[in-house]
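Student: From the sequence below, what's the structure:
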Amino acid sequence: MKLDQPLKIFPTAMHPCSYIPGLIARNAVVDPDYEMNPEVYDYLIQNGFRRSGDQVYRPYCHTCEKCVTTRIPVEDFKRSRSQKRIWKLNQDIVVKTSKSGFKQEYLPIYQRYLESRHESLDYEGVEKFLTADWCDIIFYEFYQIDESTEGTQQERLLGIAVTDQVKSGLSAVYTFFDPEFGSKRSLGVYAILWQVEVAKEKNMKYVYPGFWIKDCRKMNYKSNFQPIEGLIKGKWIPLEKGA
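Tutor: Residues are numbered from 1 along each chain as shown. This is a model prediction of the structure:
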């Protein structure tokens with residue numbers, strides 16, 4: 001594609017790897033002064049970049065290539081046996097689409113999610129981390145409908161899948177859920193299955209679920225979504241299940 005302005009990319013300083021203990025990492029980031037737009041962002045996503053807030057980046061570690069950007073070709077995707085069970089288990093879920101940005105009602109769920117999974121608890125700046133003014137962001141809200149003894153129905157918000165919409169597909173930015181309910185339902189897996197279905201309905205080619213890292217337990221599950229492709233040495237190639 002032809003860019004309206006030069007695209008400068010800079011390396012960050014070295015820092016401890018967030019995924020594999022003992023390794024040193026750094027990123028390549030797009031110039032923060034660049035006037036980003038959805039078209040350029042789509043081009044960058046197809047070349048291995050991701051978004052964290054306004055910052056668009058990709059791993060840039062000279063001695064390590066463990067972080068592999070992935071994409072699911074939605075027309076070819078087939079649910080596995082376990083994914084079929086998860087899909088069936090969550091058929092009572094009501095999914096709502098919001099483009100109203102980060103809502104305060106999300107915050108308690110985000111806090112409980114971090115408390116259940118991470119040692120470092122950083123609740124500050126969550127809205128900045130998940131949103132960007134120049135991006136078409138969808139918050140998929142997953143609700144469980146509870147029926148009271150009086151026969152009335154109440155909605156319980158279980159989780160949120162923050163998703164960027166670009167021309168070529170949907171990019172899964174971050175999914176978080178109430179661990180008391182979401183873990184039993186495998187809501188993280190269901191969120192990706194839902195994004196695949198939405199992408200199909202919109203005639204999009206891909207869902208970009210993020211980085212696959214073989215040696216990191218919380219990042220290697222992505223190869224369970226088959227077929228899935230990884231960007232390795234500048235080429236998209238199939239990744240085998242459990243690769």
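Student: got the CA positions of the longest helix seen in the chain in CSV?
Tutor: Across the chain, the helix with the greatest residue count (assigned by DSSP state H) is helix 187-201. Taking only C-alpha atoms (Å, rounded to 0.1, in the frame of the first residue of the first chain), the coordinates of helix 187-201 have been written out as CSV:
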residue,chain,number,x,y,z
LEU,A,187,-14.9,-18.0,28.2
GLY,A,188,-11.5,-17.1,26.7
VAL,A,189,-11.8,-19.9,24.1
TYR,A,190,-15.5,-19.0,23.5
ALA,A,191,-14.5,-15.4,22.8
ILE,A,192,-12.2,-16.5,20.0
LEU,A,193,-14.9,-18.8,18.6
TRP,A,194,-17.3,-15.9,18.7
GLN,A,195,-14.9,-13.6,16.9
VAL,A,196,-14.5,-16.2,14.2
GLU,A,197,-18.2,-16.4,13.6
VAL,A,198,-18.5,-12.6,13.5
ALA,A,199,-15.7,-12.4,11.0
LYS,A,200,-17.4,-15.0,8.8
GLU,A,201,-20.7,-13.0,8.9
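Student: got a list of contacts for that helix?
Tutor: 72, 74-75, 77, 79, 83, 86-87, 89-90, 93, 95, 140, 142, 158-159, 161, 163, 169-170, 172, 175, 177, 181-182, 205-207, 209, 221, 225 (CB atoms under 8 Å, 6 or more residues apart in numbering). Placement of C-beta: from N, CA and C, glycine included.
Student: how much space between V30 and I213?
Tutor: For V30, the distance to I213 equals 22 Å [CB to CB, to the nearest Å].
Student: now do I86
Tutor: Counting by CB to CB, the gap between I86 and I213 amounts to 22 Å.
Student: and what of Q144?
Tutor: Applying CB to CB, one obtains 31 Å for the distance of Q144 from I213.
Student: what does W134 give?
Tutor: Distance of W134 to I213, computed by CB to CB: 28 Å.
Student: Not counting sequence-adjacent ones, nearest residue to L23?
Tutor: In space, not counting the residues next to it along the chain, L23 is nearest to C17; the distance is 3.9 Å by CB to CB, 6 or more residues apart in numbering.
Student: Would you check that my belief about that neighbour contacting N27 is correct?
Tutor: No. Contact status for C17 versus N27: not in contact, 11.0 Å apart, counting by CB atoms under 8 Å.
Student: Now list the buried members of the contacts of helix 187-201.
Tutor: For the contacts of helix 187-201, a burial check counting by 16 or more other CB atoms under 10 Å picks out 72, 74, 77, 79, 83, 86-87, 90, 93, 140, 142, 158-159, 161, 163, 169-170, 172, 175, 177, 181-182, 206-207, 209, 225.
Student: I'd like to know which of those residues are part of strands.
Tutor: 72, 140, 142, 158-159, 161, 163, 169-170, 172, 175, 177, 206-207, 209 (DSSP state E).
Student: Grab the two from the residues you listed that are most spread out in space.
Tutor: With distance counted by CB to CB, no two of those lie farther apart than L158 and Y206, which are 26.0 Å apart.
Student: low pLDDT regions in the chain?
Tutor: Within the chain, the stretches falling below the threshold (pLDDT under 70) are 1-4, 118-123, 148-151, 242-243.
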